[in-house]
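Participant: Structure for the following, please:
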Amino acid sequence: MTSIEKTGTSVEELIAAFRGEHRIKDWELNYKIVKKPSKGLFGLFGNKAAVVRFELPSLDERAANFLSQLLGKMGIPFDKVDAKTEGKTVYLEIKGSQDTGLLIGKNGYMLETLQYFVNRIYENERDLDRVYLDVDGYRERREAQFLRQFHPLIKKVREQGKPQTLDPMNATDRRVIHRHIERDRGLRTLTIGEGEMKRIVIFSAKQKESEALSQAQGGKGNPIRSKQQRSGRGPRPEPAAKAGANDKPEQKPRHNRKPRPRHAKTETSAKQ
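Facilitator: Coordinates of the predicted model:
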């Protein structure tokens, strides 16, 4: 929390200017009026400006404050929300909840929903990439168990420098992989494929993405998609085969027609 004092002609103008400058929401405003503006003699001499002291919270404090108010509106009791920042990532953890099962939900669905809301609120902050939400260490335990199966493959990439492609997985599991690899400066990740189930390629930070894509052959029967497939256009249709010399052209079926009389013209001439 940083204290900032502003001086101006009115309190309202100072508050509006501070909100615009720091992109602070209404529920994040925390200020104290140090001096109110006043007019001097005859409204001309000795005018005093307004002085307002603002408390500017950090990004993780703002996110924790929003989450606390959201939980309060939902009627969910808890002790506190811890917040910390690593790079451009904010980690929030709800502690002391008496209804952990409700906050987590089936397969972590409620936790993912709350995390989505917090990220949408602060998605336009330039100094923030993502907010991760946890409840009493649930996500940390789950992620540690999930990542255990990938440790040998990650070690192989680190030691041999050869890219490896994981099996298709949903967005939630992919975020766990990306987040884990981000902490390793020697490795990088990228995502390939379309639809809900995509693959992750883990490769050395010394390689370019294009080089990693061309070399990645890991996983179980997981070929790299072509450029058309990655762009969403799909493979081009094959041209139709040309008819050969021995191919007979297809004949259209003839409709049954009534035969014309052969001597119709001669009979007409005789009547004339």
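Participant: which other residues reach stretch 115-130?
Facilitator: 23, 25, 59, 62-63, 66-67, 70, 87-90, 92, 131-133 (Cβ atoms under 8 Å, 6 or more residues apart in numbering). C-beta coordinates here come from the backbone N, C-alpha and C atoms, glycine included.
Participant: all strands of this structure, in order?
Facilitator: For the chain, applying DSSP state E gives strands covering 2-8, 31-35, 50-56, 80-86, 89-95, 130-135, 164-165, 187-192, 199-204.
Participant: In TSV, list those along with mean neighbour count.
Facilitator: Rendered in TSV, the data for the strands of the chain read as follows (neighbours: other Cβ atoms under 10 Å):
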stretch	mean neighbour count
strand 2-8	13
strand 31-35	14
strand 50-56	18
strand 80-86	15
strand 89-95	20
strand 130-135	22
strand 164-165	22
strand 187-192	17
strand 199-204	22
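Participant: Make CSV out of those strands and add distance to E211 and mean pLDDT.
Facilitator: CSV is the format used below for these (distance: least, Cβ to Cβ, whole Å; pLDDT from 0 to 100):
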stretch, distance to E211, mean pLDDT
strand 2-8, 44, 82
strand 31-35, 53, 84
strand 50-56, 44, 86
strand 80-86, 29, 91
strand 89-95, 27, 92
strand 130-135, 27, 91
strand 164-165, 14, 92
strand 187-192, 11, 92
strand 199-204, 8, 94
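Participant: Where is the longest helix in this protein?
Facilitator: Assignment by DSSP state H gives helix 59-74 as the longest helix of the chain.
Participant: and the angle for that helix with strand 89-95?
Facilitator: Interaxial angle of helix 59-74 relative to strand 89-95 (axes from the mean of the first three to the mean of the last three Cα atoms, to 10 degrees): 40 degrees.
Participant: Quickly note the distance from S38 to F54.
Facilitator: 21 Å (Cβ to Cβ, to the nearest Å).
Participant: Could you do Q115 as well?
Facilitator: Distance from Q115 to F54, by Cβ to Cβ: 29 Å.
Participant: from the middle of its chain, how far away would the longest helix of the chain be?
Facilitator: Taking Cα atoms, centre = their mean, to the nearest Å, one finds helix 59-74 lying 21 Å from the centre of the chain it belongs to.
Participant: One more: stretch 132-148?
Facilitator: Distance of stretch 132-148 from its chain centroid, counting by Cα atoms, centre = their mean, is 19 Å.
Participant: could you point out where the chain is predicted with low confidence?
Facilitator: Residue ranges of the chain with pLDDT under 70: 39-47, 217-272.
Participant: Show me where it has its helices.
Facilitator: 11-22, 59-74, 100-104, 109-121, 138-147, 151-160, 171-182, 209-215, 227-230, 264-271.
Participant: you'd agree V201 is up against I181?
Facilitator: No: using Cβ atoms under 8 Å, V201 is not in contact with I181; the gap is 10.5 Å.
Participant: what residues do these two have in common as contacts?
Facilitator: By Cβ under 8 Å, 6+ apart, V201 and I181 have these common neighbours: T189.
Participant: List the residues that contact the closest residue to R174 other than its chain neighbours.
Facilitator: In space, and not counting its chain neighbours, R174 is closest to I200: 5.8 Å by Cβ to Cβ, 6 or more residues apart in numbering. I200 makes contacts with 165-166, 169, 174, 177-178, 189-192, as judged by Cβ under 8 Å, 6+ apart.
Participant: Check the gap between I200 and A216 for me.
Facilitator: 10 Å.
Participant: I24 too?
Facilitator: Per Cβ to Cβ, I24 is found 45 Å from A216.
Participant: Could you do R139 as well?
Facilitator: Separation of R139 from A216 (Cβ to Cβ): 28 Å.
Participant: just to revisit the earlier point, distance-wise, check the residue nearest to R174 relative to I24.
Facilitator: Remark: distance between I200 and I24 (Cβ to Cβ) = 37 Å.
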